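# coords please:
(one chain, ligands or ions: 1)
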Amino acid sequence: MTQNPDFKRNTAVGLDLGWVNHLKVNRNAADRRAASLAARRTVKKEYQAAWLIKAVQCIDLTTLAGDDTPGRVERLCKKAMRPLRADLMQALGLSNLSTGAVCVYHEMIQPAAQVLQGRLPIAAVSTAFPAGLSSMETKLREIELSVAAGATEIDIVITRQHVLTGNWQALYDEMVAYRQACGEAHVKAILATGDLITLENVAKASWVCMMAGADFIKTSTGKEGVNATIPVSLVMVRAIREYYEQTGFMVGYKPAGGVSTAKSALQYLTVMKEELGNEWLEPHLFRIGASSLLTDIERQIEHFVTGSYSAAHRHAQP
Ligand SMILES: O=C[C@H](O)COP(=O)(O)O
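The predicted structure is shown next:
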């Protein structure tokens, strides 16, 4: 996930229940800050194009559908390796561009690996995605099988009932076990924030997963009623910032689910830049989990290059 040999991967630091139990979140303040961030920073023209290229590099290009086929995954992987049309790449003076990774179900790891040949990371969703309600034994085995099949990133789903019942020890223990089962593969902890009811629960779950060694914290599976939002993102990235201040470990952030427009991608980049700084705007610390976002980004870049929009259907869907 990271090319930097000096990068210090997060490891379990122990569960500090006193800290977790005292976490508080002011919902109104988070909403106000979210609204002001969206309104305050707008980027135009070549700056916008540069930010959109950055967004492309941070996409986990995703297909997580019951009717996925090796053919669809093959197209997704080809798109991930060449996310923009050749004429747009040429106009922008770019020779190399790819998304951060592809993200698929376990059964699609092998078809993805055949196309990618190690050129891009494969993230696999795991632990009985999206509900997470299989036995622990099954979930750990699933992780091991996905790593053995070639996934270098594992997106696990947490057990929501541990959060909803305040059983932080159980959440910590499962996250430690998932991290261990991943071995060298990096682990993204999906909190399914739309199921967690309060922002305080989101903050606490973020902290517990980081204390247990998560490499990334991720908002959603894309299957909850409410997926990534800016207020939830503010709570999660502030937890990442404080965790870094306390431990020195840099944990990544992945908003996922419903991020389908270039405009919304720019908002998430803004949150990262304003709250965490430029260091967190790289693919080893920031990903956007999205299935259709790339289509809109390519359209906006085409508009920047040619001055006009083409219909979305003219852009190859992954
Ligand atoms: O993790 C990624 C999400 O499942 C993708 O959600 P989306 O299809 O709404 O972009």
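# Closest residue of the stretch 201-318 of the chain to the ligand?
In the stretch 201-318 of the chain, the residue that lies nearest the ligand is residue 222 (2.5 Å; Cβ to the nearest ligand atom). (Each C-beta comes from the backbone N, C-alpha and C, glycine too.)
# Tell me how many other residues crowd the residue nearest to that residue when sequence neighbours are not counted.
Spatial nearest neighbour of residue 222, excluding adjacent residues (Cβ to Cβ, 6 or more residues apart in numbering): residue 257 at 3.7 Å. Residue 257 sits with 26 neighbouring residues when counted by other Cβ atoms under 10 Å.
# next one: residue 244
When neighbours are defined as other Cβ under 10 Å, residue 244 has 17 of them.
# Give the full set of residues in contact with it.
Counting by Cβ atoms under 8 Å, 6 or more residues apart in numbering, residue 244 touches 250, 251.
# Helix or strand: which one has it?
helix 230-247 (DSSP states H and E).
# in that helix, what counts as buried?
230-244 (16 or more other Cβ atoms under 10 Å).
# on that earlier part again, run a quick check on the residue nearest to residue 222 versus residue 225, I expect a contact.
No. At 10.2 Å, residue 257 and residue 225 do not qualify as touching, with contact defined as Cβ atoms under 8 Å.
# How about the residue most central in space within the chain, nearest residue that isn't a chain neighbour?
Geometric centre of the chain, nearest residue: residue 254, 2.5 Å, by Cα atoms, centre = their mean. In this structure, residue 254 finds its nearest non-sequential neighbour in residue 218, 3.9 Å apart by Cβ to Cβ, 6+ apart.
# just the buried residues of helix 230-247 now: which is nearest residue 177?
Nearest to residue 177 among these is residue 243, at 20.2 Å by Cβ to Cβ.
# tell me the angle the helix or strand hosting residue 37 makes with helix 230-247.
Assigned by DSSP H and E, residue 37 belongs to helix 27-40. Angle of helix 27-40 versus helix 230-247, following axes from the mean of the first three to the mean of the last three Cα atoms, to 10 degrees, is 100 degrees.
# Show me what the next helix or strand along the chain from helix 27-40 is packed against.
Past helix 27-40, further along toward the C-terminus, the next helix or strand under DSSP H and E is helix 45-57. Where contact means 3 or more Cβ pairs under 8 Å, 6 or more residues apart in numbering; DSSP states H and E, helix 45-57 is packed against helix 262-276, helix 293-306.
# Near the ligand, which residues of this structure are found?
Neighbours of the ligand within the chain, by Cβ under 6 Å from any ligand atom: 62, 64, 103, 221-222, 256-258, 260, 289-292.
# Please name the residues that touch the residue nearest to residue 289 when sequence neighbours are not counted.
For residue 289, ignoring the flanking residues on the chain, the nearest one in space by Cβ to Cβ, 6+ apart is residue 256 at 2.8 Å. Contacts for residue 256 (Cβ under 8 Å, 6+ apart) come out as 60, 62, 190, 218-222, 227-228, 287-290.
# Can you mark which positions in the helix or strand of the chain with the lowest mean pLDDT are buried?
None of the helices or strands of the chain scores lower by mean pLDDT, DSSP states H and E than helix 27-40, at a mean of 86. By 16+ other Cβ under 10 Å, the buried positions in helix 27-40 come out as 30, 33, 34, 37, 38.
# Among the contacts of residue 256, which one has the most neighbours?
Highest count within the contacts of residue 256 by other Cβ under 10 Å belongs to residue 289, 31 neighbours.
# where do the helices sit along the stretch 51-200 of the chain?
Counting by DSSP state H, counting those that start in this stretch, the stretch 51-200 of the chain has these helices, from start to end: 70-81, 86-92, 109-116, 136-149, 160-164, 168-182, 199-211.
# tell me the most buried of those?
Mean neighbours per residue, mean count of other Cβ atoms under 10 Å, is largest over those for helix 199-211, with a mean of 25.
# All good on my end, thank you.
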